[in-house]
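Visitor: Need the 3D shape of this:
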Amino acid sequence: MNTTNKNTLLKTPPLWGRLGGGFLCLLFLALPLSAQQQQELRLTLDETITLARRQSVNAAVALNELKTAYWEYRSYKADLLPEMSLSGTIPAYNKRYNTYQREDGGYSYVRNDYMQMDGALSIKQNIWLTGGTLSINSSLNFLRQMTGGDPDNRNQYMSVPIALTLNQPIFGVNTTKWNRRIEPVRYKEAKANFLTATEQVAMSAISHFFNLLLAKERVNIARQNLDNAQKLYEVAKAKREMGQISENDLLQMRLNLLNEESSLTENESSLKSNMFALRSFLSIDDDVEIVPVLPDSVPEVSIKYEDVLDHALRNNSFASNIRRRQLQADYSVAMAKGNLRQVTLHAQVGFTGTSHNMRTAYDNLKDNQIVQVGVSIPLVDWGKRRGQVKVAESNREVTKSRLKQETANFHQDLFILTEQFNNQSRQLNIAKEADRIAEKRYKTNVETFMIGKISTLDLNDAQTSKDQARQNRISELFSYWYYYYQLRSITLWDFANNCDINADIDRIVR
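Guide: This is a model prediction of the structure:
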């Protein structure tokens, strides 16, 4: 589980901000006026999340992964059902010389010229209780001797109206039985992963949305600061002419003006970069200008760690992942033990008939029985198979230890995330109040500077505090929403509506 450090919220590299921003500005100025006119699209946070879930690349990837898991599970379910198949050869023609051993032991070549056709219909069923297969077969073979023999008896038919066949491993691992235990858990894990992925798409949308919102706010701050710096510089020049401020203060005001011009250029470049990133994520045309709307409210929820843990263990793919890996480790041990010796039973009972024409090939049927037991037991393998069992058992113990540690980490990370979210509501309220106070302090300092009661250093400090407080408020708001959807992605629980996050999987994958 990854938690987000709100102090590292989405920074634009300075070099790219300068070089990329300058290039984009030149390109923008070179475009004709009609191309510069963009459509404006105002997006709230909820609308951004909805668009991301519907048309982002991340959402498409999650859907295709779900479809893969769905059809793999359907294939597993199909293996448990009877399978009917039709096979045949129509026709096979053979004209060649074959070796023939005479009574005196010598060999000669005999010309063989015949045509053959055959067809078979079979129904096979896997027996999950024993791991064997049971099949019912019906077949018909036709052979026509093209040369030699009695012309009236050149056609030969052999029919097998019904044959019941059993193939049963005696000591081998029952793969069908293990699949019945593993595959449903794997599919449950895949469904939970899909729901988690949709919430993670929302988390990515939140990051892009607040990236753009913060970049836009920085541009607004830079424009306001530039406007204020120009006015203050004009006032400072008048005061300098009257001897009310020093040359140093006037130069400082001029430097502030230049810095604000540079800051505006850099922030405008960052805004365009973040605008492009959000448009690309949401698959929106480049001629659309997105205007993010600052969320005016947040869900007022108080979350208990015990409830979060209960929802996570019931809904999250982590629990299914733990169970699946345990089963797979046990299956590997069973496979290794099953390879120590192999005994297979093959039995077939049925009826068969032969004739020179097809109509009478089903008359006077005779029984057809086969019983075969195959044995494969290594006498001297220098401990190779025993070693494979020990390796599988050791790997199972390693898996158990890892799963135990992962479970402890899961609980710890979930506890930390819950505490972070619960504390974030207070942090957001503090940031709102700090933003209000910093804005009021700056306005007061501007008025005080006008009458010469404070220095430029005090004014610059007030401006820096105002800008930082405004950006910190947006950052705290971002952290709140990010933590909220991160908890949703882990628990698959809608805390606002007090219900599970579900989806109609069958409808989605079709």
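
Visitor: how long is stretch 346-366 end to end?
Guide: Across stretch 346-366, the terminal residues are separated by 20 Å (CA to CA, to the nearest Å).

Visitor: Need the residues that contact that stretch.
Guide: 137, 140, 142, 152-153, 155-168, 367-374 (CB atoms under 8 Å, 6 or more residues apart in numbering). Any C-beta I mention is one placed from the backbone N, CA and C, and that applies to glycine too.

Visitor: Same question for stretch 192-209.
Guide: By CB under 8 Å, 6+ apart, stretch 192-209 touches 10, 43, 45, 48-49, 51-53, 56, 58-59, 61-63, 65-66, 69, 274, 277-278, 281-282, 292, 315-317, 320, 478, 481-482, 485-486, 488-490, 492, 501-503, 505.

Visitor: Select the longest strand from the protein.
Guide: strand 107-127 (DSSP state E).

Visitor: and the next element down the chain from that strand?
Guide: Next in sequence after strand 107-127, counting helices and strands by DSSP states H and E, comes strand 132-145.

Visitor: what about residue 53, how many residues close to it?
Guide: 17 (other CB atoms under 10 Å).

Visitor: Which helix or which strand is home to it?
Guide: helix 45-55.

Visitor: In that helix, which of the residues would be classed as buried?
Guide: 45, 47-49, 51-53 (16 or more other CB atoms under 10 Å).

Visitor: Stretch 423-435 too?
Guide: Residues 424-425, 427-428, 431, 434-435 are the ones in stretch 423-435 that count as buried (16+ other CB under 10 Å).

Visitor: So for that stretch, mean pLDDT?
Guide: What stretch 423-435 shows for mean pLDDT is 91.

Visitor: who's in contact with that stretch?
Guide: Defining contact as CB under 8 Å, 6+ apart, one finds that stretch 423-435 is touched by 298, 300, 469-470, 472-473, 475-477, 479-480, 483.

Visitor: Mind giving me the packing neighbours of the helix or strand harbouring residue 272?
Guide: Here residue 272 sits within helix 247-282, counting by DSSP H and E. If you count contacts as 3 or more CB pairs under 8 Å, 6 or more residues apart in numbering; DSSP states H and E, helix 247-282 packs onto helix 14-30, helix 45-55, helix 175-241, strand 288-292, helix 456-491.

Visitor: Give me the distance from the shortest one to the chain's centre.
Guide: Spelled out, it's strand 288-292. 28 Å (CA atoms, centre = their mean, to the nearest Å).

Visitor: Next, the buried residues of that strand.
Guide: Across strand 288-292, burial judged by 16+ other CB under 10 Å covers 290, 292.

Visitor: That one: partners in the sheet, and parallel or antiparallel?
Guide: When pairing is defined by DSSP bridges, strand 288-292 lines up against strand 39-43 (parallel).

Visitor: got a list of what the residue nearest in space to the middle of the chain touches?
Guide: With distances taken as CA atoms, centre = their mean, the residue of the chain nearest its centroid is residue 62 (4.6 Å). By CB under 8 Å, 6+ apart, the contact list for residue 62 reads 194, 197-198, 201.

Visitor: Now do the helices for the stretch 251-400 of the chain: every range, in order, please.
Guide: All helices of the stretch 251-400 of the chain, identified by DSSP state H, counting those that start in this stretch, fall at 305-315, 317-338, 384-450.

Visitor: Give me whichever of these is most buried.
Guide: Ranked by mean neighbour count, those are led by helix 317-338 with a mean of 18 (mean count of other CB atoms under 10 Å).

Visitor: May I have the phi/psi pair for residue 365?
Guide: Taking degrees, to the nearest 10, you get phi -70, psi 150 for the backbone angles of residue 365.

Visitor: Check which residues of stretch 352-370 are buried.
Guide: Those would be 352-353, 355, 361-362, 365, for stretch 352-370 by 16+ other CB under 10 Å.

Visitor: Against residue 399, how distant is residue 218?
Guide: 49 Å (CB to CB, to the nearest Å).

Visitor: now swap in residue 407 and tell me
Guide: From residue 407 to residue 399 the distance is 12 Å (CB to CB).

Visitor: Over to residue 63?
Guide: On the measure of CB to CB, residue 63 and residue 399 end up 31 Å apart.

Visitor: Report the mean confidence score over the helix holding residue 272.
Guide: pLDDT averaged over helix 247-282 gives 92.

Visitor: In that helix, which residues are buried?
Guide: Per 16+ other CB under 10 Å, helix 247-282 contains these buried residues: 249-250, 252-253, 256-257, 260, 263-275, 277-279, 281-282.

Visitor: what angle separates that helix from helix 456-491?
Guide: 20 degrees (axes from the mean of the first three to the mean of the last three CA atoms, to 10 degrees).

Visitor: Could the C-alpha coordinates of stretch 404-412 be exported in PDB?
Guide: Extracted C-alpha coordinates of stretch 404-412, given in PDB (Å, rounded to 0.1, in the frame of the first residue of the first chain):
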ATOM      1  CA  LYS A 404       2.500 -13.500   7.500                       C
ATOM      2  CA  GLN A 405       4.800 -10.500   7.100                       C
ATOM      3  CA  GLU A 406       2.700  -9.100   4.300                       C
ATOM      4  CA  THR A 407      -0.400  -9.400   6.500                       C
ATOM      5  CA  ALA A 408       1.300  -7.500   9.300                       C
ATOM      6  CA  ASN A 409       2.400  -4.800   6.900                       C
ATOM      7  CA  PHE A 410      -1.100  -4.600   5.400                       C
ATOM      8  CA  HIS A 411      -2.600  -4.000   8.800                       C
ATOM      9  CA  GLN A 412       0.100  -1.400   9.800                       C
END
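
Visitor: Touching that stretch from outside, list them.
Guide: Residues outside stretch 404-412 that contact it (CB under 8 Å, 6+ apart) are 1, 309, 312, 318, 322.

Visitor: for it, the distance to its chain's centre please.
Guide: Going by CA atoms, centre = their mean, where stretch 404-412 is centred and where its chain is centred differ by 22 Å.

Visitor: next one: stretch 269-289
Guide: Worked out by CA atoms, centre = their mean, stretch 269-289 lies 24 Å from the chain centre.

Visitor: Stretch 374-385 too?
Guide: Taking mean C-alpha positions (CA atoms, centre = their mean), stretch 374-385 and its chain are 43 Å apart.

Visitor: same check, this time on stretch 248-260
Guide: With CA atoms, centre = their mean, you get 53 Å for stretch 248-260.

Visitor: what do you get for stretch 203-223?
Guide: 27 Å.

Visitor: got it, and stretch 467-476?
Guide: 33 Å.

Visitor: that older thread, residue 343: which of the helices and strands packed on helix 247-282 is closest?
Guide: helix 175-241 (16.1 Å; CB to CB).

Visitor: as a whole number, average confidence for that closest one?
Guide: Helix 175-241 comes out at a mean pLDDT of 92.

Visitor: tilt between that helix and strand 107-127?
Guide: 70 degrees.
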